[in-house]
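# Turn this into a model:
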Amino acid sequence: MSKFDKKKRGAYRQKIKGLDRTQTMKIKFRGEIRYNNSAEGRGHPCVVCYQSGKQFVVIGITHKHKTRGKDNIPMHKNPDPTDKEPAYMRPVLMRESRDKFSNIIPGWRLGHEDEITIRDLIGK
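This next block holds a predicted model:
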């Protein structure tokens, strides 16, 4: 076995150890609501679930009951206090760079029931 093969094998083991460590790491739920200004988000509000490196893991908020053929999850309380229409959250987690998001939207809050639903989505 050459010296190169040993180095390559060692790097592979370190990479696997790193993956194991991140999988068992405890996730800190943020629950912030920010606008997603990326091409996919198009300025829609999102709930920031947690931060992974330089990316946010988010769930989108919308007024429509279906997005791209999937049923959205109805929210118990609209996070926008001025809006009386029902709000829905998308059933998928998305990863986006932190640079694509606005500051926290002032006055917007998640309801307690909605926070529990989001925590369940993260756990899946």
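# what about the strands in this protein?
Ranges of strands in the chain, per DSSP state E, are 32-36, 44-52, 55-62, 66-67, 70-71, 73-74, 88-89, 94-97, 101-104.
# now those in CSV, with distance to residue 82?
For every residue, glycine as well, the C-beta is placed using N, CA and C. Formatted as CSV, those follow (distance: least, C-beta to C-beta, whole Å):
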stretch, distance to residue 82
strand 32-36, 14
strand 44-52, 13
strand 55-62, 14
strand 66-67, 23
strand 70-71, 26
strand 73-74, 19
strand 88-89, 18
strand 94-97, 25
strand 101-104, 17
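# give me the low-pLDDT residue ranges for this protein?
1-27, 41, 124 (pLDDT under 70).
# Let's see that with 50 instead.
4-24 (pLDDT under 50).
# sorry, back to before: make a markdown table out of the strands of the chain and add mean neighbour count.
Below are the strands of the chain laid out as a markdown table (neighbours: other C-beta atoms under 10 Å):
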| stretch | mean neighbour count |
| --- | --- |
| strand 32-36 | 20 |
| strand 44-52 | 19 |
| strand 55-62 | 21 |
| strand 66-67 | 12 |
| strand 70-71 | 10 |
| strand 73-74 | 14 |
| strand 88-89 | 21 |
| strand 94-97 | 14 |
| strand 101-104 | 13 |
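# which one of those lies closest to residue 80?
Of all these, it is strand 44-52 that lies closest to residue 80, at 7.7 Å by C-beta to C-beta.
# Please put the alpha-carbon coordinates of the closest one into CSV.
Output of strand 44-52 as CSV, limited to C-alpha atoms (Å, rounded to 0.1, in the frame of the first residue of the first chain):
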residue,chain,number,x,y,z
HIS,A,44,-41.9,35.2,0.6
PRO,A,45,-41.6,35.1,4.4
CYS,A,46,-40.0,32.0,5.9
VAL,A,47,-39.5,30.5,9.3
VAL,A,48,-35.8,30.1,10.1
CYS,A,49,-35.7,26.7,11.8
TYR,A,50,-32.0,26.5,12.5
GLN,A,51,-28.6,27.5,11.1
SER,A,52,-26.3,24.9,9.4
